[in-house]
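1. got a structure for you, letters missing:
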Ligand code: TRP
Ligand code: SF4
């Protein structure tokens, strides 16, 4: 039996951090065993909010690709590609737009939130409003059965299914309704205790070297009530402890006991955590280095991914064009021209040409 197909993607917005890894990437790596996977770098989506200054997009695509390959997205098993290199996405997004009632977009929670929150950019654009339309096209053009995403993307998947139902109702079953594969996200705060985010400058990046990781972990906030080494700690309020839960699971009961009884100092506890993180990141760093000195390999990977994505997307588009009575090519148009013209004009076209 054919494996089910999934598609997911990210906007290229810079280096990936540990939060991205435990929240999504790790899950994607594992899904490769079970599903036929498409992983897409959504550079057109990046444009929807970064249209004023696009100078970093190319560098961000490169870093995202390196991050993805170094953590184990596997081009032998998965299709890894760049959205803008498969122009069919734009064609389908245009068509889906015809089926999309404006209120569906205006009521989208991600749209409303971002319009409210992001004050330094004008997001009242056609492109930004249409973000979910493009995302729906990304998904259904591969007839994906499911889409692994975090909580924040649920409304976009909801929207995708609604558009699919509408188009299928009118033109017959063109697309399957994609399911949402919610990834269980362990809570991983930034090094300052707030949400891990590039804009807060509190990230540990997958590409950080071991020394940088040690320094960042050393600066992490711990239990504020634990001033002296002899004070008993409260691991439940300590960010370092929440990291141990994710990166040092087997030692968690021990660390918890030692912390509560003041048997371990925060400095040692942090050293221990830094080692655990570095242990995870070491193979990624090695892979990243290999890739960096091997641009021709990276080219092959992405060319192969783009080409395969294009093939699958074009196959879908043939069906879509046919269903919508749009032209797949002009052959049928030209064929219909001769006899039809003869009938309506009542003259031999050759004669007409001469006069
Ligand atoms: N909107 C997604 C995000 O911000 C990125 C994305 C674009 C995507 N197209 C997609 C995710 C298709 C899943 C499927 O993370
Ligand atoms: Fe946090 Fe560890 Fe210090 Fe306890 S010992 S407060 S868990 S850093």
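-> Ah, there it is. From a predicted model like this one, the values you see are computed outputs, not experimental measurements. Ligands and ions are numbered 1, 2, ... in the order given.

2. So for stretch 167-186, what gets flagged as buried?
-> Neighbour counts over stretch 167-186 (16 or more other Cβ atoms under 10 Å) mark 167, 171, 174-176, 178, 180-181, 183 as buried. Where C-beta positions appear, they are placed from N, C-alpha and C, glycine not excepted.

3. Quick check: pLDDT value at residue 118.
-> We have a pLDDT of 81 for residue 118.

4. quick one: the closest residue to it other than its chain neighbours from residue 170, how far?
-> In space, and not counting its chain neighbours, residue 118 is closest to residue 49: 7.2 Å by Cβ to Cβ, 6 or more residues apart in numbering. Going from residue 49 to residue 170 by Cβ to Cβ, to the nearest Å gives 32 Å.

5. so what's residue 196 up against?
-> Contacts of residue 196 were listed using Cβ atoms under 8 Å, 6 or more residues apart in numbering, and they are 17-19, 188-190, 202-204.

6. Residue 252: which of those is nearest?
-> Residue 252 lies nearest to residue 188 out of the contacts of residue 196, by Cβ to Cβ, at 14.6 Å.

7. burial of residue 13, as a residue count?
-> Close neighbours of residue 13, defined as other Cβ atoms under 10 Å, add up to 18.

8. In three-state terms, label it for me.
-> coil (DSSP: H, G, I helix; E, B strand; the rest coil).

9. Likewise for residue 6?
-> Criterion first, three-state DSSP; result for residue 6: strand.

10. Count the neighbours of it for me.
-> Using other Cβ under 10 Å, residue 6 is surrounded by 25 other residues.

11. Please apply the same query to residue 206.
-> Other residues within reach of residue 206, judged by other Cβ under 10 Å, total 23.

12. likewise residue 315?
-> Neighbour tally, residue 315, other Cβ under 10 Å: 14.

13. Mind giving me the packing neighbours of whatever helix or strand it lives in?
-> Element membership for residue 315 (DSSP states H and E) is helix 295-323. Under the contact definition 3 or more Cβ pairs under 8 Å, 6 or more residues apart in numbering; DSSP states H and E, helix 295-323 sits against helix 57-71, strand 79-82, helix 88-98.

14. For those, give me TSV that also has mean neighbour count and mean pLDDT.
-> Below are these laid out as TSV (neighbours: other Cβ atoms under 10 Å; pLDDT from 0 to 100):
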stretch	mean neighbour count	mean pLDDT
helix 57-71	19	98
strand 79-82	22	98
helix 88-98	18	98
